[in-house]
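Asks: model this:
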Amino acid sequence: MRRGSQKIILGLRISDDPEDVVPQIINHMRSNEATETVLDVMWALYAASGSWPQADAYFRLYVRAFPELWASELSALSVSECYVASVETLQALGMPKPEGADRVAQLARDELARRGFPPVFQ
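Replies: Modelled structure (predicted):
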């Protein structure tokens, strides 16, 4: 995750209203629409998409608005990070998980277990 995205996530004020989180992330775009800021907001939405109701919709919107930017960001990741982010992006866009994705994930978990990593890292 990018440093700017981490700052966004760590700066969130969590309240009883789950719909209050996403506007806090989006507000970072008001002051600066530079490429770096767009990517920071996209990564923050990506991280929040599994936990907050509106984050999936906004992440999907940003991926559709900036597809080349997101694709170039994913291509700079390691193979494993790119695979995970690509599968999760496809799911956020409403597409099915690629065939074999679960099998690849299980093979990775098995390899981590074989190497002695604790279950929390698997």
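
Asks: what residue lies at the spatial centre of the chain?
Replies: Tyr46 (2.6 Å; C-alpha atoms, centre = their mean).

Asks: now do the contacts for that residue.
Replies: Tyr46 makes contact with 59, 85, 88-89, 92 under the criterion C-beta atoms under 8 Å, 6 or more residues apart in numbering. Bear in mind the C-beta positions are built from the backbone N, C-alpha and C, glycine included.

Asks: which strand or helix spans it?
Replies: Here Tyr46, judged by DSSP states H and E, is contained in helix 35-48.

Asks: send the alpha carbons of the following helix or strand past that helix over as CSV?
Replies: Going down the chain from helix 35-48, the next helix or strand is helix 55-65, by DSSP H and E. The C-alpha trace of helix 55-65 is given here as CSV (Å, rounded to 0.1, in the frame of the first residue of the first chain):
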residue,chain,number,x,y,z
ALA,A,55,-16.3,1.6,-0.4
ASP,A,56,-17.0,-1.1,-3.1
ALA,A,57,-19.1,1.2,-5.1
TYR,A,58,-16.6,4.1,-5.0
PHE,A,59,-13.7,1.8,-5.7
ARG,A,60,-15.6,0.5,-8.7
LEU,A,61,-16.3,4.0,-9.8
TYR,A,62,-12.6,5.0,-9.6
VAL,A,63,-11.4,2.0,-11.4
ARG,A,64,-13.8,2.8,-14.2
ALA,A,65,-12.8,6.4,-14.2
